[in-house]
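[1] missing the sequence, but the structure's below:
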């Protein structure tokens, strides 16, 4: 470990790495320097940095109490994990510049560069308010501060991290560009309208009672540990859906598919809720004790009078003895495409889930339900013509269940190579 500085008087020196030492002060820097890394040292005071070509200055994990000043047009400035109490005006920074100021003692912020795109100011417990951010800002991390509200968010913002703040006055209008919102444990009772651009919403551990109009493109949702009673959603496909520990949540919005493999099965949870049935058959390709045992609401029961988003449902299984009755030793088939048709036109399609189930939500008229065995090792046998006529609403029966298909293996295919799950019939 170095505790004193070597000479930097070397012609055309452009990059210096002296991080992870015990250096206490910066030396004179050559004019040719572009990159300087003094992270994790014992520096307490930073003199004016006159290197005119410097574009990256890394001073994290030192003992600096006053933010550095410099002559060059920096692109990246990192003084996180220090003892700095205020952020001064940095007039000379390049386009698309970044400032890392997390883990300090910051209580005040001067106007930031108009070209700033990334600003990290988390873990500053004395910071109770933010000044207006530059319009160019794309990424803002102000988690673990003492902010009571967030207003006037910049129009280009794509990621907002504001978890662990006492946001009792809430979050203002979200920009139409926002993709990721992280606001865990922030005392939120209501969310602003969510923009159509939103892809990830993480708001666990708040006091939210409703999630309304989740955007169509939302794929990641973590709203566990709130006080939710209702969720409405335009999105029907998720790669994460965590609403556990909301004891007064009894119903779900329609969900067509959970994406992911067995390793991601813990990304879907309704534990600690009052949910006892599903809005429709959800397609997923992993085993989940939480969802595997739940049927669509109205198929067997609907104790919470949840809204139903299906009216035709059935399952697909491997028929072994050609009696067209699913026996205990005849497994359900996963990921089989089932088509809803009118004449030759495909109106909807669904894929069977781990239980072999599928469902459709239709108008009250006549349809054909057909299994698509193209590019599969199966051929239809029950019914032999692979078509079942369904007419929800005929004879006053709006929910048609037991629309079941039995398939058999194409000659020459090895049963052991086929993915099947046996959980009993529908």
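    Okay, I see it. Worth saying up front: this structure is predicted, and the values here are computed from it rather than measured.
[2] could you check how many residues crowd around residue 403?
    Counted with other Cβ atoms under 10 Å, residues neighbouring residue 403 total 19. For every residue, glycine as well, the C-beta is placed using N, CA and C.
[3] no no, residue 69
    For residue 69, using other Cβ under 10 Å, the count is 15.
[4] can you pull the contacts of the nearest residue to it once chain neighbours are set aside?
    Spatial nearest neighbour of residue 69, chain neighbours left out: residue 48 (5.4 Å); criterion: Cβ to Cβ, 6 or more residues apart in numbering. By Cβ atoms under 8 Å, 6 or more residues apart in numbering, residue 48 lies in contact with 69-71.
[5] endpoints of stretch 393-402, how far apart?
    Terminal residues of stretch 393-402 are spaced 16 Å apart (Cα to Cα, to the nearest Å).
[6] what residues of that stretch count as buried?
    400-401 (16 or more other Cβ atoms under 10 Å).
[7] need the contact partners of it.
    298-299, 308, 310-314, 364-366, 390, 392, 426.
[8] same thing but 10 Å
    Residues from elsewhere that reach stretch 393-402, judged by Cβ atoms under 10 Å, 6 or more residues apart in numbering: 295-300, 308, 310-315, 359-360, 362-367, 369, 388, 390-392, 425-426.
[9] are any of those residues buried, and which?
    295-299, 308, 310-315, 359-360, 362, 367, 369, 388, 390, 392, 425-426.
[10] now residue 206: how far from residue 171?
    11 Å (Cβ to Cβ, to the nearest Å).
[11] what do the two both touch?
    What both residue 206 and residue 171 touch, as defined by Cβ under 10 Å, 6+ apart, is the set 183, 186, 188, 190-191.
[12] spatially nearest residue to residue 199 (excluding sequence neighbours)?
    Leaving aside its chain neighbours, residue 199 sits nearest to residue 179 (4.8 Å; criterion: Cβ to Cβ, 6+ apart).
[13] which residues does the one you found contact?
    Taking Cβ under 10 Å, 6+ apart as the criterion, residue 179 is in contact with 138, 157-160, 195, 197-200, 217.
[14] about what we covered before: list just the nearest of the contacts of residue 48 to residue 345.
    residue 70 (66.9 Å; Cβ to Cβ).
[15] now the helices: where do they sit in this protein?
    Along the chain, counting by DSSP state H, helices occupy 289-292.
[16] where does it have low pLDDT?
    Per-residue confidence for the chain (pLDDT under 70) gives these ranges: 1-11, 413-426.
[17] most centrally placed residue in it?
    residue 220 (2.8 Å; Cα atoms, centre = their mean).
[18] what sits against the residue nearest to residue 64 when sequence neighbours are not counted?
    In space, and not counting its chain neighbours, residue 64 is closest to residue 82: 4.3 Å by Cβ to Cβ, 6+ apart. Residue 82 makes contact with 43-44, 46, 59-68, 101-106 under the criterion Cβ under 10 Å, 6+ apart.
[19] are any of the residues you listed buried, and if so which?
    Here, 16+ other Cβ under 10 Å leaves 43, 46, 59-62, 64, 67-68, 101-104, 106 buried among the contacts of residue 82.
[20] possible to save these as TSV with distance to residue 145?
    Below are these laid out as TSV (distance: Cβ to Cβ, whole Å):
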residue	distance to residue 145
43	25
46	24
59	21
60	18
61	20
62	21
64	20
67	17
68	22
101	11
102	10
103	11
104	11
106	9
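[21] wait, which of those residues is closest to residue 322?
    Closest to residue 322, out of all of the buried ones among the contacts of residue 82 and judged by Cβ to Cβ, is residue 102, at 67.1 Å.
[22] would you quantify the distance from the closest one to residue 367?
    Per Cβ to Cβ, residue 102 is found 57 Å from residue 367.
[23] confirm for me that residue 147 is in contact with residue 129.
    Yes - Residue 147 lies in contact with residue 129 (Cβ atoms under 10 Å); the separation is 6.7 Å.
[24] more neighbours, these two?
    Ranked by neighbour count (other Cβ under 10 Å), residue 147 and residue 129 place residue 147 first, with 22 against 14.
[25] please name the residues that touch the more buried one.
    124, 127-130, 162, 164-169, 171, 186.
[26] what's the answer for residue 173, then?
    By Cβ under 10 Å, 6+ apart, the neighbours of residue 173 are 151-153, 192-193, 195.
[27] now, of those, which are buried?
    Neighbour-count burial (16+ other Cβ under 10 Å) applied to those gives 153, 195.
[28] need the contacts of residue 173 in a markdown table with distance to residue 283, can you?
    Formatted as a markdown table, those follow (distance: Cβ to Cβ, whole Å):
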| residue | distance to residue 283 |
| --- | --- |
| 151 | 41 |
| 152 | 42 |
| 153 | 36 |
| 192 | 32 |
| 193 | 29 |
| 195 | 27 |
